[in-house]
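A.B. asks: fold the following.
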Amino acid sequence: MFFRSIGDPQSVLIVDSHTHILPGEFREQRERWLATDRTFAALFDDTAALSVSSGELVAEMDSAGVDLSVALGYGWTDQDAARLSNDYLLSTAIDHPGRIIPFCSVDPGWGVEAVKEAERCLVAGARGIGELHADTQNWSPEDAEGMRRVAGLAMEAAIPVVVHASELIGHDYPGKGATTPDRLLRLATAFPEVAFIFAHFGGGLPYYALMPEVTESLSNVYFDSAATPYLYRPEVYAVSAIATGADRILFGSDFPLIRQGRAIRGVREGNLSDADMDRVLGANVTDLLGIHAL
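C.D. replies: From the prediction side, this is the model:
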């Protein structure tokens, strides 16, 4: 069985819901992708930016004690880049059974082509769509029509959609963008039957869940903790659990940006109850994806 016992921190199933890997072609042909894909250029124009292979991710998981990782795409704008990345994530899941769950990334602006690519990936084993980057992909969270095709597929297939989120205040960083909580709330409200995962604690959106009308609008929304050590103190976990419920928080590292072991320590230092910690570290995402055995 996939699950281990829950309650003992040493035996909790740990699932990282937000990691990134890339095939070697992106490193070997970096200048090509910088010129052709806006999201790649926004994230990797700095030569210090990190990218890793599937083997490096699995080695990191073994070192940090992570049982399973969701491997996301980036918000590709170039269809060739998307196809190359998606194929790599799908093959990685086959090469590392029981360790990697692939999502696929498309640009909603491609229209029918976005749906075709997502459908191709779902047939091949993808379990969700994302990560999407509204800023570089030039779609608007306020424009329901622009997301309708992708959202419709997600609804029909009962899969989650991961969307990059931006903090309205705080420091700048590559790829931060302006997909702020108010805009994400409109997206969630437009498609209440789609399970959205808003990355990086939704840019702070959980805290507005203390407002009753916002809580109602977030019934279909989850928040991952990707890059938390870069953005917040560990108390963010307890505060978010109070505001939106611990069952809505998914542990994510954003590896390779943040080492998985460091991210896990942040959860354990986050003043959560043992039961809530177990949910955040694994049970929430496995329930969301319907994964109970591998």
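
A.B. asks: so how far is residue 199 from the closest residue to residue 180 other than its chain neighbours?
C.D. replies: Leaving aside its chain neighbours, residue 180 sits nearest to residue 168 (4.7 Å; criterion: CB to CB, 6 or more residues apart in numbering). All C-beta spots, glycine's among them, are computed from the backbone N, C-alpha and C. Using CB to CB, to the nearest Å, residue 168 is found at 15 Å from residue 199.

A.B. asks: of these two, which one has the most company?
C.D. replies: Taking other CB atoms under 10 Å, residue 168 and residue 199 do not tie; residue 199 has more neighbours (28 against 11).

A.B. asks: can you pull the contacts of that one?
C.D. replies: 18, 131, 162-165, 223-224, 226, 252, 254 (CB atoms under 8 Å, 6 or more residues apart in numbering).

A.B. asks: hmm, 10 Å instead?
C.D. replies: By CB atoms under 10 Å, 6 or more residues apart in numbering, the contact list for residue 199 reads 17-18, 72, 130-133, 162-166, 179, 184, 223-227, 250, 252, 254.

A.B. asks: so which of those are in helices?
C.D. replies: Those of the contacts of residue 199 mapping onto helices are residue 184, per DSSP state H.

A.B. asks: in strands, which of the contacts of residue 199 fall?
C.D. replies: Members of these lying in strands (criterion: DSSP state E): 17-18, 72, 130-132, 162-163, 223-224, 250.

A.B. asks: ok, which pair from the residues you listed is furthest apart?
C.D. replies: Spatial extent of the ones in strands among the contacts of residue 199 (CB to CB) is set by the pair 132 and 250 at 16.2 Å.

A.B. asks: do I have it right that residue 206 meets residue 242?
C.D. replies: Yes - contact criterion CB atoms under 10 Å: residue 206 and residue 242 qualify, at 9.2 Å.

A.B. asks: state which helix of this structure is the longest.
C.D. replies: helix 79-95.

A.B. asks: buried residues, that one. List them.
C.D. replies: 79, 81-93 (16 or more other CB atoms under 10 Å).

A.B. asks: got it, and stretch 206-220?
C.D. replies: In stretch 206-220, the ones that count as buried by 16+ other CB under 10 Å are 206-209, 214, 217-218.

A.B. asks: what does that stretch contact?
C.D. replies: So stretch 206-220 is contacted by 160, 181-182, 184-186, 188-189, 191-196, 198, 201-202, 205, 221, 223, 236, 239-245, 248-249 (CB under 10 Å, 6+ apart).

A.B. asks: try stretch 43-51
C.D. replies: Under CB under 10 Å, 6+ apart, the answer for stretch 43-51 is 20-24, 26-27, 30, 33-34, 37, 40, 42, 56, 74-75, 133, 136, 173-175, 255-258.

A.B. asks: now the buried members of those.
C.D. replies: So, by 16+ other CB under 10 Å, the buried ones in these are 20-23, 26, 30, 33, 37, 40, 42, 74-75, 133, 136, 175, 255-258.

A.B. asks: and the residues you listed, which of them are in strands?
C.D. replies: When DSSP E defines the strands, the subset of the buried ones among the contacts of stretch 43-51 inside them is residue 20.

A.B. asks: what bits of the stretch 151-294 of the chain have low per-residue confidence?
C.D. replies: Where the stretch 151-294 of the chain drops to pLDDT under 70, the residues are 292-294.
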